[in-house]
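Colleague: dropping the sequence and predicted coords here.
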Amino acid sequence: MPALLRRRGHLPEWAVALVVAAVSAVPILWNIGSSPDTMFDEVSYVMAMRNIALGGDYTWSNQPVFVHPPLSFVLQGGWQWLWGLADADLESSVRGARVFAGLATVGIVVLTALIARRLMTHASPRRRAVLTGIVVALAATDPIMLRYLRMAIIEPFSVALSLLVLYLAMRLDTRRPAVYVPLIGSLTGLALLTKEMSVFLVATPLVSAVLARDVRRAKRALGALAVGGAVWLAFPAWAIGLGLGRAFADEKLLLFYRLLGIVQTTGWNRPGFSSGSLLEATAIAGRDYGTSYLVLLGGGLALAWLLLRRPDGGSRWLLAWLVTSYGFGVYMVAFGSLNEHLFVYLVPAAVVGAVLVGDAVVARTRPARIAALALVVVAVGFSLGGWVRNDAIDGDGVFRSAAFLRDTRAACDVVNGIGDSGKWAPLLPGRELTDFGTGQAAASHGVHLFFVSGKDPAVGNALPELPAWITSRGTRLASFPSATYGGLELWEVPTDPFDPLADVEPMRDGVFVTTVGSRCGGYPVLGALAARWEERGGKGVLGPPRGSATGTTQVFAGAVLTDAGMRPVVRELAADRPDAYTGAGLPPVTDAGGLDDAALSDPAIRAAFLRAPEGTAGAFTSAVARYGAPVGVPTTGPDGSVSQAFAGVVLTRAAGSDVVRAAPVGDLAVSSGLVTLPPEATATVPPPPLAGETAPDQPSNLRGFAGALLVLLVSAAGVPAVVLLARRPTRGTPPKEYRP
């Protein structure tokens, strides 16, 4: 492999680093505040960063966070404090945190390039420059890298620290263990305190030593890993110091089960989920990850090519790096819960492996070199095209939709976030959001507002029928740009006031009926009045309440109910408010004393009134007890509708329909002054809280973590120094040279 032996070029590494940083900063930092769109993890993480900056508490709720180590949050919390973002609006905090994450991502590209240059042996300075340029172009424009490493999440810092460990391990490969172990071990511990998955990458020096069959280097690498593991113990020590060691152990046991594939709640291979459909959607159907998958394929082929040979020197380091990176990827695909953002741990090794091994393969023939260069140009071109479509233009639909909702809707209005409402929740403090999977479930709780995205149904985060249900019944209020989610829209779906399944939810001793906005407010129907309402058809016949109960009376759209039954408001309106009654277009009252069942000449109204098969004994008497006696005969209106007056209700049906409902005589009784509702009865009340559990507050301050980490880092540096001093040779005895 003539292209993979070590040789130093003319430019010093610091100059290369500056050039690479300047070039890669353009695609990484351009428009970083507005694209990609935010997600639940990012806004939750920023909440934790703000809490650390303001009070030192590692939490985004009222519980300490044990699922992820705290180091990246501590770094970001310091950044928030430094720039005064911790107490700014959340959108500003997210954008500010992204800048810091973007700088870490620039560092990832720089480290990838520097590592690649250390693996380029027997390459001329010009060839090294060309290969470095290709590595930087592929890494800095990689779609998956740009999608996730431009966000304020853990991965930019975790990958950067892991690559820093690898780079320094290569630079310090000839140093004594007393120098190598504490430095690499401490950095390894910091990487693990950023994310435990870093263990795969920081194990690369050990794998390289094993491939070289070098026992001394293997022991040294194991020592560094042991020190790193000891530094990581600051995390559980903090939990134990809080008195929450059991909760920490349970959380990490769940993580272990996920790594083993026993529990799968997220990722490509969770139950009932098609990883093939996600691969197609992300690679082809608009997510522009095709170049990333091509690079990952190239890295896999490079790994296979190296395994078939006897690599040495830089080639062995590259093989070790590919083994740890792809070992992690293969394991997660086969057993764990792989999410697409975890590919960022593989991409740097894949880029370097594909470029360097590809160079070694095609170096002998000019046509092959031209073809390879053309492939690189096409790949970078596709990546840049995706960058223009997804990142160079605004795509902050979540921020904009949250602002629109705050500005245009009452604070009490509830919105259902299709797929995942968590990404909106921190941006809408004090506002309730829901995650109902079907439109019927949302409507039954009085929720009429919906966020709709183009992405969620495509990748399985929402039931496929929900968007169709919303768009076929509702009105779009606004749309917002979001390449991440395939566009975002806010929809409102009104419901029929007489729909018996909508806006009605059970509560103790009755039901609550939403009558205002999207679960914004309404009235309870309780006790005996609830029983009377349900006996007479409930909301499907009498409609919703028009106020809370006053004493033993409650007004509904189509009737006035009391504890004793139905008040004869139709008879009263016809007698005391004849002009209002006639002006409302209600059918005439021909016999206020009541008619017999012969007056039930309309089959649909007769069936709705009797609520029993034809000829059932006592059905008419029971119906009169419910609705009052017929006081008129069926009358056909100008529009073909048919109505009939009863003592307490007017039953009506539309032309050609068998659905019978009550005419709004309850509303007429109030508007005409026949029934008076006091102001306190008409004031809507909040709905009952949705089912959910609120965990008790727990301590989450990081002072204990800082103290434990300081002690462990000092120990990591001090113990090897003490050992070295204890083993210092006597005067006159030359020290042994360390040869790895």
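Modeller: Nice, thanks for sending it over.

Colleague: pLDDT weak spots in this structure?
Modeller: Along the chain, the parts satisfying pLDDT under 70 run over 1-10, 256-287, 335-338, 364, 419, 456-463, 613-615, 617, 692-695, 719-740.

Colleague: give me the domain ranges for it.
Modeller: 2-270+291-390, 397-492, 504-682 (automatic domain parsing).

Colleague: isn't W305 right next to V357, touching?
Modeller: Yes - applying CB atoms under 8 Å as the test, W305 and V357 come out as touching, 5.4 Å apart. (C-beta placed from N, C-alpha, C; glycine too.)

Colleague: more crowded one of those two?
Modeller: V357 (25 against 18; other CB atoms under 10 Å).

Colleague: now the more buried one, nearest residue through space, not along the chain?
Modeller: A302 (3.7 Å; CB to CB, 6 or more residues apart in numbering).

Colleague: then A580?
Modeller: Leaving out its chain neighbours, the residue that sits closest to A580 by CB to CB, 6+ apart is S672, at 4.1 Å.

Colleague: from P578, how far off is the one you found?
Modeller: 10 Å (CB to CB, to the nearest Å).

Colleague: which one of these two has more residues nearby?
Modeller: Between S672 and P578, S672 has the larger neighbour count (other CB under 10 Å), namely 19 against 11.

Colleague: remind me which helix or strand the closest residue to A169 other than its chain neighbours belongs to.
Modeller: In space, A169 comes closest to P205 once its chain neighbours are excluded; the distance is 4.3 Å by CB to CB, 6+ apart. Secondary structure from DSSP states H and E places P205 in helix 204-212.

Colleague: isn't M170 up against R117?
Modeller: No - in this structure, M170 is not within contact of R117 by CB under 8 Å, at 10.5 Å.

Colleague: more neighbours, the two?
Modeller: R117 (24 against 19).

Colleague: which residues touch that one?
Modeller: For R117, the contact set (CB atoms under 8 Å, 6 or more residues apart in numbering) comprises G9, E13, V16, R128, T132.

Colleague: that one belongs to a strand?
Modeller: No - the assignment for R117 is helix, going by DSSP: H, G, I helix; E, B strand; the rest coil, so no strand is present there.

Colleague: can you give me the helices in the stretch 301-450 of the chain?
Modeller: 314-334, 347-362, 366-390, 397-408, 439-444 (DSSP state H, counting those that start in this stretch).

Colleague: of those, which is nearest V714?
Modeller: Counting by CB to CB, V714 lies closest to helix 314-334 out of those; the figure is 29.1 Å.

Colleague: identify each buried residue in that closest one, please.
Modeller: Neighbour counts over helix 314-334 (16 or more other CB atoms under 10 Å) mark 314-326, 328-329, 332 as buried.

Colleague: for Y167, give me its contacts.
Modeller: By CB under 8 Å, 6+ apart, the contact set of Y167 is L111, L114, I115, R118.

Colleague: could you redo the last one with a cut-off of 6 Å?
Modeller: Each residue near Y167 by CB atoms under 6 Å, 6 or more residues apart in numbering is listed here: L111, L114, I115.

Colleague: tell me which residues of the helix or strand harbouring it are tucked away?
Modeller: Under the criterion of DSSP H and E, Y167 resides in helix 155-171. Across helix 155-171, burial judged by 16+ other CB under 10 Å covers 155-170.
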